[in-house]
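Trainee: Return a 3D structure for these sequence lines:
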Amino acid sequence: MPRPTPEDWATLLANFEAPIAAFDCGQYCAPHNNGEPVCCSTQHAIPVVFVEEWQHLKAQSDLWHLFKPRNAHERQMKDELTSASRLVECKGFRCCERENRSLACRAFPFFPYVTRKGDFIGLAYYWYFEDRCWVISNLRIVTREYVEQFVATYEELFRRMPAEQAHFREYSATMRRLFSRWGRAIPLLHRAGGFYLISPRTGRLRRTSPDRFPQHGPYKSEQVV
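Mentor: You can find the predicted model right below:
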């Protein structure tokens, strides 16, 4: 199966337009980030795109440009990328063109959680944003439409690029190791609906209420809208 072409990326992204919530969640994290949503700031998250995705995005708009590393850590990030990927940066949230967002933008703060057996069962989050991303502390606001489009998009991506599923299988394993060390269960938005906790040691799923998920950072005392 060939990699997705720039034209394929146009379809993939067009089919993943659902907002993560019924409102602008950036209004809740921006006050803690100098007025800028965390997911829109390369001070926190630098989008990685596939070469073909980049070709599609730059043909659509001048919103994006290649990211220029500012320090040793960012230079290392760039050096560690394969030739199939690029670090990119947009003009900022005030210039956002939602139809021209990258997959990284649309998926943030989630990644596809893959079990030890290789099954893609739902959405887990990038845990190192727990202290900054308001959504992570308020998972109940994530819409069902968003979850469905997330799953469909990554299913197609995995079909075309099996190495990506293998990558997220390894990434999920890293999460299990860390959460096991911390004595914490892993929150999961299941692809079939519902909220679950995963035992990082056994992989056992336990359905729960999103009200039981922990809150983090400055959001511990804030109310869910």
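Trainee: so Cys25 touches Val142, yeah?
Mentor: No. Assessed by C-beta atoms under 8 Å, Cys25 is found out of contact with Val142, at 9.4 Å. Where C-beta positions appear, they are placed from N, C-alpha and C, glycine not excepted.
Trainee: Can you check which residues contact both of those two?
Mentor: Shared contacts of Cys25 and Val142, defined by C-beta atoms under 8 Å, 6 or more residues apart in numbering, comprise Val135.
Trainee: Could you list the low-pLDDT ranges of the chain?
Mentor: By pLDDT under 70, the low-scoring segments of the chain are 221-225.
Trainee: can you point me to the longest helix in this structure?
Mentor: helix 162-182 (DSSP state H).
Trainee: What ranges does the chain have for its helices?
Mentor: Under DSSP H, the chain gives helices at 6-14, 26-29, 51-60, 72-80, 103-107, 144-160, 162-182.
Trainee: Compile these into JSON lines and extend it with columns for mean neighbour count.
Mentor: Below are those laid out as JSON lines (neighbours: other C-beta atoms under 10 Å):
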{"stretch": "helix 6-14", "mean neighbour count": "17"}
{"stretch": "helix 26-29", "mean neighbour count": "19"}
{"stretch": "helix 51-60", "mean neighbour count": "18"}
{"stretch": "helix 72-80", "mean neighbour count": "11"}
{"stretch": "helix 103-107", "mean neighbour count": "19"}
{"stretch": "helix 144-160", "mean neighbour count": "17"}
{"stretch": "helix 162-182", "mean neighbour count": "15"}
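Trainee: that older thread, list of residues touching the longest helix of the chain?
Mentor: 1, 111-116, 118, 120, 124, 127, 154, 157-158, 185-186, 198, 200-201, 203.
Trainee: that older thread, mind putting the helices of the chain into a markdown table with distance to Ser41?
Mentor: Output for the helices of the chain, formatted as a markdown table (distance: least, C-beta to C-beta, whole Å):
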| stretch | distance to Ser41 |
| --- | --- |
| helix 6-14 | 21 |
| helix 26-29 | 10 |
| helix 51-60 | 19 |
| helix 72-80 | 13 |
| helix 103-107 | 12 |
| helix 144-160 | 21 |
| helix 162-182 | 22 |
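Trainee: of all those, which lies closest to Leu66?
Mentor: The closest of those to Leu66 is helix 51-60. By C-beta to C-beta, the value is 8.2 Å.
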